[in-house]
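Engineer: following is a predicted model, sequence given first.
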Number of protein chains: 2
Amino acid sequence: MSSPDPAAPADPADAPDPANPANPADPANPVGPSAPRAAVGRGEKVRTAVLAAALAELADVGYAALTVDGVAQRAGVHKTTVYRRWKDRDTLIVDALTGQIATDIPIPDTGSVDEDLRLLARGLAAWLTGPSGGAVLAVLLSDAVRVPAMAEVRSRIFDDRLRRAEPVVRRAVERGELPPGTDPAEVVKNLAAPLYFRVLITAEPVDADTADRAATAVLTAARHGGLGGLG
Amino acid sequence: MSSPDPAAPADPADAPDPANPANPADPANPVGPSAPRAAVGRGEKVRTAVLAAALAELADVGYAALTVDGVAQRAGVHKTTVYRRWKDRDTLIVDALTGQIATDIPIPDTGSVDEDLRLLARGLAAWLTGPSGGAVLAVLLSDAVRVPAMAEVRSRIFDDRLRRAEPVVRRAVERGELPPGTDPAEVVKNLAAPLYFRVLITAEPVDADTADRAATAVLTAARHGGLGGLG
DNA sequence: GGCTATCGCAACCCCCAGTTGCGATACGGT
DNA sequence: ACCGTATCGCAACTGGGGGTTGCGATAGCC
């Protein structure tokens, strides 16, 4: 959502140079009625097609085996065109992934920790096993983590997600459902960890039942002060 | 047996199992069926050096960026020599990894679940943050998982490890420290999961304290029937 | 209908996987 | 000490993918 302009201009023909008379249509400019600059229509379609093709290739062959030529052909576009819009392979992948981080996992607030944690776990399980989670995990847990931009995307996704889930626990503590001193971050991490573990390590199927068991386990621990409660 | 041999000798002169580097004559071997096989001494040194170099490169640059030439130079050997002993890059990496699966995490039996789980978690944490764990994780959680042989190594490492840890829980149940019906596999997975989660997802440091907290959480859940105990 | 940005295309460079033939070397037996 | 042979070093090669460049073709918009 937060990519108003092409993610990786870096190209003379595409760069939004403010001093360039051929580029009065600045993205930040509110709908220039008399904008001489145009011809963005074609580019936008190409951009969308390439990004979608990149995600598909990612899910199909993974990060390492993804070839720019493959993405280009899948998008019905020439390799050169891809390189005109994106600096390199990694930039393209980061851009494709960035469009996917909007996939939110619903944060429940039913008034019951039990229900809340269960719903949270089920939402995460659904995402993990879905196409979006698959693509993100395929990249973020590959050698791509060595690319700084990839690591940043990882933080943007996981840290943000953890932070948004913490209130669920905080509210439960305030309601007296969990002992005071319970660490919200710890609870959320211990809820998510078994699901990731099954997907990444043991390669077991992750379904609603798995989610429920994870919720039960972390809830039991939290209720009895095993997650920061008490001392 | 899609992958016939983990070591993948693929080389006629590759020794089956060198019992001892200082035991070239092998006096216990009565002649053998007209097998004047010799000159294994040099090859064994090369093999060891290359395997060690591969692990080092793995830890340094990761799976995708690992080049055969890089490994060869690091081992003080020519690229051709590597290809004469290993079919391809993946075979080499699998072989290097296979030598590492012997790295055992001690399975404690102190008579106390509390202590046992704590020691188990600490052992895992130490392995995860050590060189061996780093190399294994770098590969097993990369695009390498798409290589069947890699997936097999993953199973060999993790499944076997989980299975060996289960008795710790089973004994605790028999001693009455944990409620009957407690699922050993579930306990072990929920013990390991938070540690992997922190290493792989949140990139937090994993130390003894982290291990202790994981042990406390899973122990609390298990004691109160949150991990299969009770109905 | 014309102007211009964008795209397709082909050719190119560089790096790395993997191969081959030949010459150099070190090991092990006699 | 010597010699045979297995192994290694070396250089040159193919093939594919990342990334670049110059030019011609085309599609969008005025």
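Structural biologist: That came through, no problem.

Engineer: who does the least confident helix or strand in chain A by mean pLDDT touch, helix- and strand-wise?
Structural biologist: Within chain A, no helix or strand scores below helix A:131-140, which has a mean of 77 by mean pLDDT, DSSP states H and E. Using 3 or more C-beta pairs under 8 Å, 6 or more residues apart in numbering or on different chains; DSSP states H and E, the elements in contact with helix A:131-140 are helix A:40-61, helix A:89-98, helix A:113-129, helix A:148-175. All C-beta atoms are positioned from the backbone trio N, CA, C, and that covers glycine.

Engineer: list the buried ones in it?
Structural biologist: A:132-140 (16 or more other C-beta atoms under 10 Å in any protein chain shown).

Engineer: on that earlier part again, can you put the helices and strands packed on helix A:131-140 in TSV and add mean pLDDT?
Structural biologist: Conversion of these to TSV gives the following (pLDDT from 0 to 100):
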stretch	mean pLDDT
helix A:40-61	82
helix A:89-98	89
helix A:113-129	95
helix A:148-175	89
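
Engineer: now those in JSON lines, with mean neighbour count?
Structural biologist: Converted to JSON lines, the helices and strands packed on helix A:131-140 look like this (neighbours: other C-beta atoms under 10 Å in any protein chain shown):
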{"stretch": "helix A:40-61", "mean neighbour count": "17"}
{"stretch": "helix A:89-98", "mean neighbour count": "21"}
{"stretch": "helix A:113-129", "mean neighbour count": "21"}
{"stretch": "helix A:148-175", "mean neighbour count": "17"}
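
Engineer: A:Arg213: which of those is closest?
Structural biologist: Closest to A:Arg213 of the helices and strands packed on helix A:131-140 is helix A:113-129 (C-beta to C-beta; 8.7 Å).

Engineer: out of the buried residues of helix A:131-140, which is nearest to DNA strand D?
Structural biologist: Of all those, A:Val139 has the smallest distance to DNA strand D: 14.0 Å, by C-beta to the nearest atom of the strand.

Engineer: any idea of the angle the least confident helix or strand of chain A forms with helix A:148-175?
Structural biologist: Angle, helix A:131-140 to helix A:148-175, by axes from the mean of the first three to the mean of the last three C-alpha atoms, to 10 degrees: 130 degrees.

Engineer: what about helix A:131-140 and DNA strand D, touching?
Structural biologist: No - Helix A:131-140 does not reach DNA strand D (C-beta under 7 Å from any atom of the strand); its nearest approach is 14.0 Å.

Engineer: who touches that helix?
Structural biologist: Helix A:131-140 is touched from outside by A:55, A:58-59, A:62-63, A:93, A:97, A:100-101, A:103, A:127-128, A:150, A:153-154, A:157, A:199-200, B:143, with contacts defined as C-beta atoms under 8 Å, 6 or more residues apart in numbering or on different chains.

Engineer: one more: stretch A:214-225?
Structural biologist: A:113-114, A:117-118, A:120-121, A:169, A:177-179, A:181-182, A:187, A:190-192, A:194-195, A:226-227, A:229, A:231, B:186, B:190, B:217-218, B:220-221, B:223-227.

Engineer: among these, name the buried ones.
Structural biologist: Among the contacts of stretch A:214-225, the ones that count as buried (16+ other C-beta under 10 Å) are A:113, A:117-118, A:120-121, A:169, A:177-179, A:182, A:187, A:190-192, A:194-195, A:226-227, A:229, B:186, B:190, B:217-218, B:220-221, B:223-227.

Engineer: when you check DNA strand C, which of these turn up near it?
Structural biologist: Okay, of the buried ones among the contacts of stretch A:214-225, nothing touches DNA strand C (C-beta under 7 Å from any atom of the strand).

Engineer: A:Lys87 in helix, strand or coil?
Structural biologist: Judged by DSSP: H, G, I helix; E, B strand; the rest coil, the three-state class of A:Lys87 is coil.

Engineer: quick one, what contacts the residue sitting nearest the centre point of chain A?
Structural biologist: Taking C-alpha atoms, centre = their mean, the centroid of chain A lies closest to A:Ile101, which sits 2.8 Å from it. If you count contacts by C-beta under 8 Å, 6+ apart, A:Ile101 has them with A:136, A:153, A:156-157.

Engineer: please repeat the previous calculation with a cut-off of 7 Å.
Structural biologist: Contacts of A:Ile101 were listed using C-beta atoms under 7 Å, 6 or more residues apart in numbering or on different chains, and they are A:153, A:156-157.

Engineer: would you format these as JSON lines with distance to A:Ile107 included?
Structural biologist: Shown next, in JSON lines, are these (distance: C-beta to C-beta, whole Å):
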{"residue": "A:Val153", "distance to A:Ile107": "21"}
{"residue": "A:Arg156", "distance to A:Ile107": "17"}
{"residue": "A:Ile157", "distance to A:Ile107": "15"}
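
Engineer: from those residues, which are also near DNA strand D?
Structural biologist: Answer for those near DNA strand D: none qualify (C-beta under 7 Å from any atom of the strand).

Engineer: and which of those is nearest B:Val68?
Structural biologist: Nearest to B:Val68 among the contacts of A:Ile101, with distances taken as C-beta to C-beta, is A:Val153, at 30.2 Å.

Engineer: any idea how far DNA strand C is from the closest one?
Structural biologist: As for A:Val153, its distance to DNA strand C is 24 Å (criterion: C-beta to the nearest atom of the strand, to the nearest Å).

Engineer: helix, strand, or coil at A:Tyr63?
Structural biologist: Note that with three-state DSSP, the state of A:Tyr63 is coil.

Engineer: that one contacts B:Ala144, doesn't it?
Structural biologist: No - between A:Tyr63 and B:Ala144 there is no contact under C-beta atoms under 7 Å: 10.8 Å.

Engineer: ok, for A:Met150, nearest residue in space, not its chain neighbours?
Structural biologist: A:Ala144 (4.4 Å; C-beta to C-beta, 6 or more residues apart in numbering or on different chains).

Engineer: quick check, that neighbour in contact with A:Glu152.
Structural biologist: No - applying C-beta under 7 Å as the test, A:Ala144 and A:Glu152 come out as separate, 11.5 Å apart.

Engineer: which residues touch stretch A:174-187?
Structural biologist: For stretch A:174-187, using C-beta under 7 Å, 6+ apart, the contacting residues are A:113, A:162, A:166, A:169-170, A:172-173, A:218, A:222-223, A:225, A:227-230.

Engineer: mind redoing it with 10 Å?
Structural biologist: For stretch A:174-187, contacts defined as C-beta atoms under 10 Å, 6 or more residues apart in numbering or on different chains pick out A:111-114, A:116-117, A:120, A:162-163, A:165-173, A:189-190, A:218-219, A:221-231, B:194, B:202, B:213-214, B:217.

Engineer: for it, C-alpha coordinates in CSV please.
Structural biologist: Output of stretch A:174-187 as CSV, limited to C-alpha atoms (Å, rounded to 0.1, in the frame of the first residue of the first chain):
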residue,chain,number,x,y,z
GLU,A,174,-6.7,-6.2,32.5
ARG,A,175,-9.9,-8.3,32.6
GLY,A,176,-8.2,-10.6,35.2
GLU,A,177,-8.2,-13.6,32.9
LEU,A,178,-4.5,-13.9,33.0
PRO,A,179,-2.2,-13.2,36.0
PRO,A,180,-0.7,-9.7,36.3
GLY,A,181,2.8,-9.5,35.0
THR,A,182,2.1,-11.8,32.1
ASP,A,183,4.3,-10.8,29.2
PRO,A,184,2.2,-10.1,26.1
ALA,A,185,5.0,-10.5,23.7
GLU,A,186,6.0,-13.7,25.3
VAL,A,187,2.5,-15.1,25.0
